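1. 3D, please:
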Amino acid sequence: MAHDYRYPKYMSVGEKEELACAALERLRRSRPDISPVTIAGRALARTWWGKAWNRNLESYADYAYRIQRGRSYVRHQAVLDLRVRPGLVEALVQGGEAKPYKIAITIKPLEPDAWQRIISASGGAIDSLSELLEGEFPKALADLFTGHDAGLFPSPKDIALRCDCPDWAAMCKHVSAALYGVGARLDDNPALFFVLRGVNVEDLISRAVSEKSAKLLEKSGTKSRRVIEEPDLETLFGIDLDDESEDAQPENRALTSSAPKSPTSKKRRKTETR
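-> Predicted coordinates for the structure are as follows:
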């Protein structure tokens with residue numbers, strides 16, 4: 001029976017992996033810096049940032065079904081190269097043909113007003129860059145970051161997709177594989193997320209540092225309750241510290257002159273008399 005060229009030829013998992021492996025070796029000869037996406041284990045993403053990226057895409061009705069098409073492609077090492085730049089993801093994905101397809105995913109930068117709202121809403125709750133990138137922050141911040149209305153993650157209206165394969169759908173298998181590839185890339189380097197969205201990740205940290213510095217300065221300028229001021233002593237004991245200090249000097253001299261002589265001083269006087 002002749003093959004119907006209106007539909008792609010069926011390929012087994014082994015055949016897909018073999019084709020992708022051969023294409024990767026060819027590309028490495030001309031591009032030693034090529035950066036394939038490798039999925040270790042069954043999970044497509046391991047870290048908070050990678051998982052949050054995938055969940056965000058899957059949470060939109062426009063993407064929920066179509067993005068699933070790329071799962072097997074990214075699992076079987078079909079994403080031969082993937083680069084993340086400000087507002088742009090570029091990838092090479094191996095399909096059924098010998099030559100890989102070129103993918104470009106354009107993502108609008110986060111609006112400055114939205115970024116400032118997120119910084120303000122975070123309330124200085126992130127102590128360090130490592131804490132942020134490892135996803136170790138309060139759940140309230142996680143909800144803030146992943147919110148559909150004003151969060152950090154892009155919605156479909158912020159994303160433009162392009163692939164040079166013959167599939168008419170905007171999100172073909174190759175594009176969806178590249179999108180999952182971004183999640184895997186964020187596992188290795190979460191800071192790329194902020195590069196992609198065109199914002200400075202350190203803004204979230206500097207807010208926390210500045211607020212803590214302000215609190216420390218405020219505390220250093222506040223005297224402890226255990227320190228009693230001189231006016232408080234005067235009120236408490238009914239004394240005038242200035243007058244007492246002046247009167248104390250003659251009394252001290254009188255006490256000194258009337259104090260008994262030590263045995264050593266007596267011996268000195270006898271010696272001098274002789």
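
2. Can you give me the domain boundaries for this protein?
-> 33-218, 228-257 (automatic domain parsing).

3. Name the residues of the helix or strand hosting Leu132 that come out as buried.
-> Using DSSP states H and E, Leu132 falls within helix 129-133. Neighbour-count burial for helix 129-133, counted by 16 or more other Cβ atoms under 10 Å, picks out 132-133. (C-beta placed from N, C-alpha, C; glycine too.)

4. Output the below-cut-off pLDDT ranges for this protein.
-> Applying pLDDT under 70 to the chain flags the ranges 1-10, 206-274.

5. Buried residues, stretch 135-150. List them.
-> For stretch 135-150, by 16+ other Cβ under 10 Å, it's 135, 137, 141, 144-146.

6. Same question for stretch 49-69.
-> For stretch 49-69, by 16+ other Cβ under 10 Å, it's 49-54, 56-57, 63, 66-67, 69.

7. Can I get that stretch as CSV, trimmed to CA atoms?
-> This file holds the C-alpha atoms of stretch 49-69, laid out as CSV (Å, rounded to 0.1, in the frame of the first residue of the first chain):
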residue,chain,number,x,y,z
TRP,A,49,10.9,27.6,38.0
GLY,A,50,10.8,24.8,35.4
LYS,A,51,7.6,23.3,36.7
ALA,A,52,5.9,26.7,37.1
TRP,A,53,6.8,27.5,33.4
ASN,A,54,5.2,24.3,32.2
ARG,A,55,2.1,24.6,34.5
ASN,A,56,1.6,28.2,33.3
LEU,A,57,1.5,27.2,29.6
GLU,A,58,-0.7,24.2,30.3
SER,A,59,-3.2,26.3,32.4
TYR,A,60,-4.4,28.3,29.4
ALA,A,61,-7.2,26.8,27.3
ASP,A,62,-5.5,27.9,24.1
TYR,A,63,-2.5,25.8,24.9
ALA,A,64,-3.8,23.0,27.2
TYR,A,65,-4.2,20.4,24.5
ARG,A,66,-1.8,21.5,21.8
ILE,A,67,1.2,21.8,24.0
GLN,A,68,1.0,18.1,25.0
ARG,A,69,2.0,17.2,21.4
